[in-house]
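*Asks:* Attaching a predicted model along with its sequence, questions to come.
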Amino acid sequence: MAKVADILYKGVTAGLGVATLWFGANLAFNITRGISWHYAHDQETERKEETTQKS
């Protein structure tokens, strides 16, 4: 019985480790994507403001 519990514990621990890495990678990816979206959106807004000021 102790052997089964040991294997179960190691499996759960490994699963939590993988989940932590997965969520950490997704967080980093989404933050990077969000920053790049905001950067592109700000440039587009600046271009629109420049064209309306020239008119």
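*Replies:* Yes, it's here.
*Asks:* Distance from the chain centre to the helix or strand encompassing Gly11, please.
*Replies:* Using DSSP states H and E, Gly11 falls within helix 2-54. Counting by Cα atoms, centre = their mean, to the nearest Å, helix 2-54 is centred 0 Å from the centre of its parent chain.
*Asks:* going forward can the numbers begin at 29, since that is how I track them
*Replies:* Sounds good: first residue 29 from here, last item helix 30-82.
*Asks:* now that helix: mean pLDDT?
*Replies:* Across helix 30-82, pLDDT averages out at 91.
*Asks:* Give me the residues contacting stretch 37-50.
*Replies:* Where contact means Cβ atoms under 8 Å, 6 or more residues apart in numbering, no residue beyond stretch 37-50 reaches it. Every residue, glycine included, has its C-beta placed from N, CA and C.
*Asks:* Alpha carbons of that stretch, as CSV, please.
*Replies:* Presented in CSV, the C-alpha positions along stretch 37-50 are these (Å, rounded to 0.1, in the frame of the first residue of the first chain):
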residue,chain,number,x,y,z
TYR,A,37,2.3,11.2,-4.7
LYS,A,38,5.1,11.4,-7.3
GLY,A,39,2.5,11.4,-10.1
VAL,A,40,0.5,14.2,-8.5
THR,A,41,3.7,16.2,-7.8
ALA,A,42,4.9,15.8,-11.4
GLY,A,43,1.4,16.8,-12.7
LEU,A,44,1.4,19.9,-10.6
GLY,A,45,4.9,20.8,-11.8
VAL,A,46,3.9,20.4,-15.4
ALA,A,47,0.8,22.5,-14.8
THR,A,48,2.9,25.2,-13.1
LEU,A,49,5.2,25.3,-16.1
TRP,A,50,2.3,25.3,-18.5
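*Asks:* Perfect, I'm done here.
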